[in-house]
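Visitor: pasted the sequence and its predicted model underneath.
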Amino acid sequence: QYEDVDSAVIHPDGNWGLSAFVGRPLRKISLNGETAQIEEWALRSSAETDRAFLSQNHIYVSGTSDDKGEETVWVFDTAGNQQFEFGNVEFSENGSLGSITDVVETANGFIAFDGNMRSILFYGGDGNLLATADDEELFGTSYPWISSAAVMPDGSVLVALSEGRADD
């Protein structure tokens, strides 16, 4: 147990994770039995860091870029070496992002979920944008909050979202 963690994601191996919160430094959590060690891990500046996500092979840090002031997801290998970035384009451009609520890695690349824009962005393994879809196209919803996603053992992707119903 460790009490100085705002929000954390744990790597699938269970040995380490990340703690991130808007405007605070990204921190790496090393787990060892009942103890946790926390250290700052400046993959991006504190001003750029809003959230962090993990997959087996990658770290995803989302926030607003210092260089363009646009929502961005920076993709790193698990050693902390930047591989590429998603977004970081003007709001109206193809591939622009609003508020990333999760990123998952599939056998064919990456999927970023934008809770604010209610969109799903598909990227190849090289980080290039392949396609986008909105919530209505994929789920038949009209204005949900896309909150989380997970890749299932069979490779399918489970998506968590909430939406007001007509019967309240």
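Guide: Arrived safely. Numbering: from 1, shown residues only.
Visitor: Ser46 and Arg24 touch, don't they?
Guide: Yes: with contact defined as Cβ atoms under 8 Å, Ser46 reaches Arg24; the gap is 6.0 Å. Backbone N, C-alpha and C define where each C-beta goes, glycine included.
Visitor: how many other residues sit next to Trp41?
Guide: 19 (other Cβ atoms under 10 Å).
Visitor: okay, now the closest residue to it other than its chain neighbours: neighbour count?
Guide: Residue nearest to Trp41 in three dimensions, not counting chain neighbours: Lys28, with 4.2 Å by Cβ to Cβ, 6 or more residues apart in numbering. Using other Cβ under 10 Å, Lys28 has 17 other residues around it.
Visitor: sec struct for Lys28, please.
Guide: Recorded secondary structure, Lys28: strand (DSSP: H, G, I helix; E, B strand; the rest coil).
Visitor: where does Ser142 land on pLDDT?
Guide: Note on Ser142: pLDDT of 88.
Visitor: from Asp135, how far off is it?
Guide: 8 Å (Cβ to Cβ, to the nearest Å).
Visitor: of these two, who's got more company?
Guide: It is Asp135, of Ser142 and Asp135, that has more neighbours when counted by other Cβ under 10 Å, with 23 against 10.
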